[in-house]
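Peer 1: Provided below for reference: sequence and predicted model.
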Amino acid sequence: MGQQQLLLLIIGVIIVGIATIAGLEIVQRHVRQDEADGLLDRGLSIATHAVAWKTTNDPFNGGNQSYEGLGTNGLNVLALDSTTIRGRFGITDATVNTVEITGISDRYPEVGIRVYLSGYAIDSSAVRFDGSLSL
């Protein structure tokens with residue numbers, strides 16, 4: 001082989017290597033986003049259960065128009081699991097009119113979500129990829 005052909009071969013290998021590394025980074029980013037989407041879906045489901053629980057006026061099986069009963073051991077009160085295949089979940093704050101639901105990924109501990117309920121509606125949600133959320 002001539003020097004020009006070897007040079008072209010080396011440049012081709014370098015370009016393929018860089019493209020492979022960039023592709024792996026993109027796939028890794030999408031996997032983390034999918035993990036956050038799954039956590040958020042579960043957080044919204046917990047929020048829906050919490051609203052239904054609050055609206056129930058049963059002293060043995062409902063919140064009687066208050067979220068305060070979910071403040072300690074809230075997921076057990078709602079009969080929901082605190083761990084799933086995606087991660088761990090918990091109700092981190094509950095007052096009369098507000099609830100804060102947090103989820104942390106087991107695969108990627110730096111990925112977390114937080115869902116905020118105010119009244120009978122989901123007020124907002126936050127997704128973090130920096131490990132700033134914890135249970």
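Peer 2: Okay, I see it. Residues are numbered from 1 along each chain as shown.

Peer 1: so which helix or strand takes in the most centrally placed residue in the chain?
Peer 2: Among the residues of the chain, the one closest to the centroid is residue 39, at 3.0 Å (Cα atoms, centre = their mean). Counting by DSSP states H and E, the element that carries residue 39 is helix 3-55.

Peer 1: following element in sequence after that helix, please.
Peer 2: On the C-terminal side of helix 3-55, the closest following helix or strand by DSSP H and E is helix 74-77.

Peer 1: distance between that next one and the chain's centre?
Peer 2: Distance, stretch centre to chain centre, for helix 74-77: 19 Å (Cα atoms, centre = their mean, to the nearest Å).

Peer 1: equivalent analysis for stretch 11-29, please.
Peer 2: Distance, centroid of stretch 11-29 to centroid of chain: 28 Å (Cα atoms, centre = their mean).

Peer 1: please apply the same query to stretch 41-52.
Peer 2: Stretch 41-52 has its average C-alpha position 13 Å from the chain's average C-alpha position, going by Cα atoms, centre = their mean.

Peer 1: ok, residues contacting that stretch?
Peer 2: 67, 70, 74-75, 78, 80, 84, 86-87, 89, 91, 99, 101-103, 113-115, 117, 120-122, 125 (Cβ atoms under 8 Å, 6 or more residues apart in numbering). (Each C-beta comes from the backbone N, C-alpha and C, glycine too.)

Peer 1: if you count neighbours, what's buried in the helix or strand of the chain with the lowest mean pLDDT?
Peer 2: In the chain, no helix or strand scores lower on mean pLDDT, DSSP states H and E than helix 74-77, which sits at a mean of 90. Within helix 74-77, the residues that count as buried by 16 or more other Cβ atoms under 10 Å are 74, 75, 77.

Peer 1: same thing with stretch 101-112?
Peer 2: By neighbour count with 16+ other Cβ under 10 Å, stretch 101-112 contains the buried residues 101, 102, 103, 104, 105, 108, 111, 112.

Peer 1: appreciated, that's everything.
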